[in-house]
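Undergrad: could you look at this predicted model? Sequence included:
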Amino acid sequence: MADSSGYESVICVKPEVHVYRIPPRTSNRGYRAADWKLDEPAWTGRMRITSKGKMAYIRLEDALCAPGELFAQAPVEQYPGIAVEGVADSSRYFVVRIEDGSGRHAFIGIGFADRGDSFDFNVALQDHFKWVRKEGELAREEASQSSVPKLDLGFKEGQTIKINIGNMKRKEKDGAPAAARSRPAGSGLLPPPPGVKGAGSHPTPGAEAVQPPSTGTSLHSTLYFFIALFLYSTPLLDFDLGPPTVQPSGGTSGDLWGDFTAAPSSGSSQDSFGPGWVQF
């Protein structure tokens, strides 16, 4: 049944196709191209496949005529189907059901010399009816959705809505928005190491790179600092009193350690040790 709606478009064109007279089918095994007289085609011409709405049309035209005189036409309502069938022994031959304007029909065989042409013929019909199935599914979905009552989500007269977007309206004391706050200089950066001057600064001649003690100095470091200050600022005591001289006891032997043979009495004074000794 032809579909008069829509416009007609060409989906495939092949410049050469062979038409064969086929014998009646004798069994349910399908058609075999080996039973045809493949070396004696009944007609050779051009093939065009057009689509109009859900229908596809296989048109066999005379290639010698400029506008293309129609030799036969096969309307295709579905594929695969009875209108186009493949043979059992080859992928380059098909059986097509042709019709005339009076409603009569006949089955003929068509074949392509190039296997790529038969592949394009097959894919063109598959793509068309795949699109037809998708269109039918979308139409059914729209029909099912239209039967469901739609919710009225529009605003009624005088109805308002309030939206709160976090801290967008928060401002500082001077009236500037919070997003426009200037980031403090050096924020997020580590301080430079001691003794390193900033970029672009030039040292003053004769200036000493002495850094004051930081506030986090430990107690031991502070004590060491004051001890060093005290030692460097106070003159050292002179404890060098010269080598000790020991006077030998009167008239005895010349042993220098003779005075140490006996401990001094408790009543002895400092003078008994000699002038080079100091008693503690």
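TA: Cool, the structure landed. Quantities reported herein were computed from a predicted structural model and do not represent experimental measurements. Residues are numbered from 1 along each chain as shown.

Undergrad: CA atoms for contacts and neighbours, from now on please.
TA: Fine.

Undergrad: gap between residue 29 and residue 17?
TA: As defined by C-alpha to C-alpha, to the nearest Å, residue 29 lies at a distance of 25 Å from residue 17.

Undergrad: more neighbours: which of these two?
TA: With neighbours defined as other C-alpha atoms under 10 Å, residue 29 and residue 17 compare such that residue 17 has more, 21 against 9.

Undergrad: export only the CA atoms of the host helix or strand of the more buried one, formatted as PDB.
TA: Assigned by DSSP states H and E, residue 17 belongs to strand 8-20. Provided in PDB are the C-alpha atoms of strand 8-20 (Å, rounded to 0.1, in the frame of the first residue of the first chain):
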ATOM      1  CA  GLU A   8      10.300  11.400  -2.000                       C
ATOM      2  CA  SER A   9      14.000  11.100  -1.500                       C
ATOM      3  CA  VAL A  10      16.700   9.000  -3.200                       C
ATOM      4  CA  ILE A  11      18.600   6.700  -0.700                       C
ATOM      5  CA  CYS A  12      20.700   4.500  -3.200                       C
ATOM      6  CA  VAL A  13      21.600   4.500  -6.900                       C
ATOM      7  CA  LYS A  14      23.500   1.700  -8.700                       C
ATOM      8  CA  PRO A  15      24.400   2.200 -12.300                       C
ATOM      9  CA  GLU A  16      24.300  -1.500 -13.300                       C
ATOM     10  CA  VAL A  17      22.000  -4.300 -12.200                       C
ATOM     11  CA  HIS A  18      21.000  -7.500 -14.000                       C
ATOM     12  CA  VAL A  19      17.500  -8.900 -14.100                       C
ATOM     13  CA  TYR A  20      16.800 -12.700 -14.400                       C
END
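
Undergrad: just the buried positions in it, please.
TA: Judged by neighbour count using 16 or more other C-alpha atoms under 10 Å, the buried positions of strand 8-20 are 11, 12, 13, 14, 16, 17, 18, 19, 20.
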